[in-house]
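> fold the stuff below for me.
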Amino acid sequence: METKTFTAAAVNSAPIQVEDDRTGMSKATLKRAFLDNLFYLQGINRAEASAYDYYGALAFTIRDRILHRFLKTLATYKQEKVKVVCYLSAEFLMGRHLGNNLINLGIYEDVAEAMAELGLDLDEIIEQEPDPGLGNGGLGRLAACFLDSLASLEIPAIGYGIRYEFGIFHQRIQDGWQVEVPDNWLRFGNPWELPRPDESVEVKLGGHTEMAHNEKGHPKVVWIPDRTILAIPYDTPVPGYQTNTVNPLRLWKAEASEAFNFEAFNAGLYDRAVAEKMDAETISKVLYPNDNTPAGRELRLAQQYFFVSASLQDLIRLHLKTHENLDFFHERAAIQLNDTHPAVAIAELMRLLVDQYNYDWEKAWDITQKTFAYTNHTLMPEALERWSVELFAKLLPRHLEIIYEINHQFLDNLRTWFPEDEALVSSLSLIEENHGKQIRMANLACVGSHAINGVAALHTELLKKDTLKDFARLWPQKFFNKTNGVTPRRWILLSNPKLAALVSSKIGEGWLKNLDEMRRLERFIDDPDFCRQWYEIKQENKRVLAGAVLKSRNLEVDVNSLFDVQVKRIHEYKRQHLAVLDIITLYNRLKANPGTEMTPRTFIFGGKAAPGYFMAKLIIKLINAVAEVVNKDPDVRGRLKVVFLPNFNVSLGQKIYPAADLSEQISTAGKEASGTGNMKFAMNGALTIGTLDGANIEIREEAGAENFFLFGLTADEVYQLKAQGYNPRQYYDKNPALKAVLDRISNGYFSHGDPELFRPIVDSLLNHDPYMLLADYQAYVDCQDLVGQTYQNREQWTKMSILNSARMGKFSSDRTIREYCREIWEVEPVKIDLDAYRPD
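Model (predicted):
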């Protein structure tokens, strides 16, 4: 703890130790710093202060303590010339910072007590912080968990992305429909970020290329852009748990290089005076602009290039501060591509090395391949990004030339290695020729990286067997599995503090840095007092969520009912509508026989549909339409409730995961890459009902088959059934219960008599059913019946809950990061020794 020493001059007394207000950690110092920041930074007296003023003052107070560690971390990395992990991601779904930073600094309780002594409630202060929607779901949340683990494991790292002015939309539900509202998370500023305008870089777009000569007289290509964007970095310090390491998340904001055209303004052309500014700022305006239009597609590609170009220029700048050249750039930077969004970075690094730093092609390509690694997050070919050659030529003409040259050399090698296999050459080419020339970004990522990984064991096997099978045949040594993980600090300690306290009271706190230690809880499985406490904590968490449901939806739910939860991005392959079919099945049983004995259930849904995804939005409407009918029907009162919680985000997830009894992981086998919500649920003691898909397989292996509710076709059976000619209508014709469910939807029962509203869903299921709901329907219903029976045995259910939580050690993101460091990045931890704070 940093102190200042004062010696009284007039008397011979012992030195007085006084903590520095910027770095001290005692309650007295924290209170003093908080009140100073309220007055001097928020500029307001306590008498007039709002709840948000209190949040801002506390955020700046905590940021001061982080900055001391942050600056020492950066100085250590520079001094020791360490190898740094550079995580390129279009999404970083960080969640609220304040609570997590208090946890990682180890001062949550002290700050709560300090605020209480001032008459304030820390929980209410935390609620004032906007939840930045800089991601769409699992991809962005994974990146956030990885940053937490990298810092907690003392791994030198930096995250790079975009500082979207508006994140993923704020979701409202009006008349059962999703309505998208802008997410203006920066409306009141962001106390956690540090603008670094002095480290801005220029990013080129458009134009054409010309041949020229470098200073040695060698020919070189010069890119003449038609516009230049300024990329301004904003750093958010990310502290590790109980370490001094604080790594940066650097997000780029786009601005015009010339923000104001004074000449146009004086001529009365006011729109033209700010046109360049508005055009430039559009690039970092919104997360994932709708790409259903040519302008939307161009903006998306511009976004991707903007942040990777800025990031690579930044990395090169940092490297050249401590090295004479870029010969060994790959030994100081391990760049991970989080899906295909940043894959254009491969062409950009080649451009920088060849055009700007005059490396010959072979040397530049060697550096590039050794620098990059690629994480694939999808098994669906349609989700692998492709960009038209025409668009590339318009926006990135030099990169198109580079990609053509990479492809030319790669295909020449292929034809040498496989002279009789032109089909293989066509499959692996970076250019799709059949449906209009398109650049296959996944192929570019595979060719330009030294490692390719999937994110669950099944996912990786299916990549090698199907999606990327020809690359696996060509370079089997490049393929790795890195099963995803989540940080237990946010998802247990912060989200479920009472459960965390119970666990720590039994096995100590080591589990927070080594989640495998949770296995030691198994020794208490037959301890009635421990099981009682476990159950009571779950019930208390359910009461908290029930309060949120009442506040959000004005709906009372029974905390003694089974909380059956499915919260995730709304997509047909995730099969939220399969759960709806089961709800209607239960409803039909109760309507036919109101006296039927049934385990009371509360079905809780949450998630956002992409604005342009009609079917997903219709599924949300169906859920709400079924809820409207079910929740008002006296025949099912006390036994069925259906809730759709709007605007699912990290903060809402922190209430939902600890309260869930049952975790719905029911995607079509072979479609989900991994999933991470499944891990968060299980860590918090929810039991899983699911298919053998994604990480479900490994969760079942760890928890034990007897503690997992399994149903449905396997991935192989899905492939076989489709190959034989899948006919969904035959399931409808042969299953009276299923027929009754679909008929009730199609006859307008849930749409105020309108048979047309949900016809697209019913027609899709009966005539196509691409995700095989009808094939899995009966197995799912039967499995849900078993769930209901099991829940009635409270003792058995509680023990299964404990075992699920105790056996989830594998799914800590710490384990995932250790594997990346050891097998792909070759990066070692660097200890940060914190000196006493001495302002120069």
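
> ok, and the closest non-adjacent residue to residue 447?
Excluding the flanking residues, the one nearest residue 447 by C-beta to C-beta, 6 or more residues apart in numbering is residue 410, at 5.5 Å. Bear in mind the C-beta positions are built from the backbone N, C-alpha and C, glycine included.

> surely that neighbour and residue 431 touch.
No - between residue 410 and residue 431 there is no contact under C-beta atoms under 8 Å: 10.6 Å.

> picking that back up, report the secondary structure state of the residue nearest to residue 447.
helix (DSSP: H, G, I helix; E, B strand; the rest coil).

> start to end distance for stretch 640-659?
End-to-end distance for stretch 640-659, by C-alpha to C-alpha, to the nearest Å: 17 Å.

> helices of the stretch 201-350 of the chain, start to end?
Using DSSP state H, counting those that start in this stretch, the helices of the stretch 201-350 of the chain run over residues 262-266, 270-281, 294-322, 345-351.

> and for the stretch 601-750 of the chain?
Under DSSP H, counting those that start in this stretch, the stretch 601-750 of the chain gives helices at 614-632, 650-659, 677-683, 696-703, 715-724, 729-734, 736-746.

> count the neighbours of residue 134 for me.
Residues lying near residue 134 (other C-beta atoms under 10 Å) number 26.

> so for residue 834, what's the pLDDT?
Looking at residue 834, its pLDDT reads 89.

> which one of the helices of the stretch 201-350 of the chain lies nearest to residue 685?
helix 294-322 (38.4 Å; C-beta to C-beta).

> buried residues, the closest one. List them.
Residues 297-316, 318-319 are the ones in helix 294-322 that count as buried (16 or more other C-beta atoms under 10 Å).

> also stretch 543-554?
545, 546, 549, 553.

> would you list the residues you listed in CSV and tack on pLDDT?
Below are the buried residues of stretch 543-554 laid out as CSV (pLDDT from 0 to 100):
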residue, pLDDT
545, 98
546, 98
549, 98
553, 96
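
> closest to residue 82 out of the residues you listed?
residue 545 (43.4 Å).

> correct me, but the closest one touches residue 563?
Yes - between residue 545 and residue 563 there is a contact under C-beta under 8 Å: 7.3 Å.

> can you check which residues contact both of these two?
Common contact partners of residue 545 and residue 563 (C-beta atoms under 8 Å, 6 or more residues apart in numbering): 604, 659.

> can you report how many residues neighbour the nearest residue in space to residue 67 that is not next to it in sequence?
In this structure, residue 67 finds its nearest non-sequential neighbour in residue 237, 6.7 Å apart by C-beta to C-beta, 6+ apart. Neighbourhood size, residue 237 [other C-beta under 10 Å]: 22.

> what residues are up against residue 237?
Counted by C-beta under 8 Å, 6+ apart, residue 237 has contacts 63, 66, 67, 69, 70, 192, 194, 246, 247, 248, 249.

> of those residues, which belong to strands?
Using DSSP state E, the subset of the contacts of residue 237 located in strands is 194, 246, 247, 248, 249.

> the fourth one pairs with what?
For residue 248, the beta-bridge assignment (DSSP bridges) gives partners residue 237.

> what sits against it?
Contacts of residue 248 by C-beta under 8 Å, 6+ apart are 70, 74, 158, 159, 235, 236, 237, 238.

> name the member of those with the most neighbours.
That'd be residue 238 among the contacts of residue 248, by other C-beta under 10 Å, with 28 neighbours.

> I'd guessed that one sits against residue 149; true?
No - here residue 238 does not reach residue 149: they are 10.3 Å apart, not a contact under C-beta under 8 Å.

> tell me, how many residues neighbour residue 281?
Residues within reach of residue 281, counting by other C-beta under 10 Å, total 17.

> pretty sure it contacts residue 257?
No - in this structure, residue 281 is not within contact of residue 257 by C-beta under 8 Å, at 12.0 Å.

> rewinding a little: drop anything exposed from the contacts of residue 237.
Using 16+ other C-beta under 10 Å, the buried members of these are 63, 66, 67, 69, 70, 192, 246, 247, 248, 249.

> any idea how far the fourth one is from residue 281?
Right, residue 69. If you measure residue 69 against residue 281 using C-beta to C-beta, to the nearest Å, the figure is 33 Å.

> low-scoring stretches of the stretch 701-840 of the chain, by residue?
Low-confidence segments of the stretch 701-840 of the chain (pLDDT under 70): 837-840.

> ranges for the strands of it?
Shown for the stretch 701-840 of the chain, the strands assigned by DSSP state E, counting those that start in this stretch span residues 708-710.

> for the stretch 251-400 of the chain, what are the low-confidence residue spans?
Using pLDDT under 70, the stretch 251-400 of the chain drops low at 259-276.

> give me that answer again for 90
Applying pLDDT under 90 to the stretch 251-400 of the chain flags residues 257-281, 287-293, 379-384.
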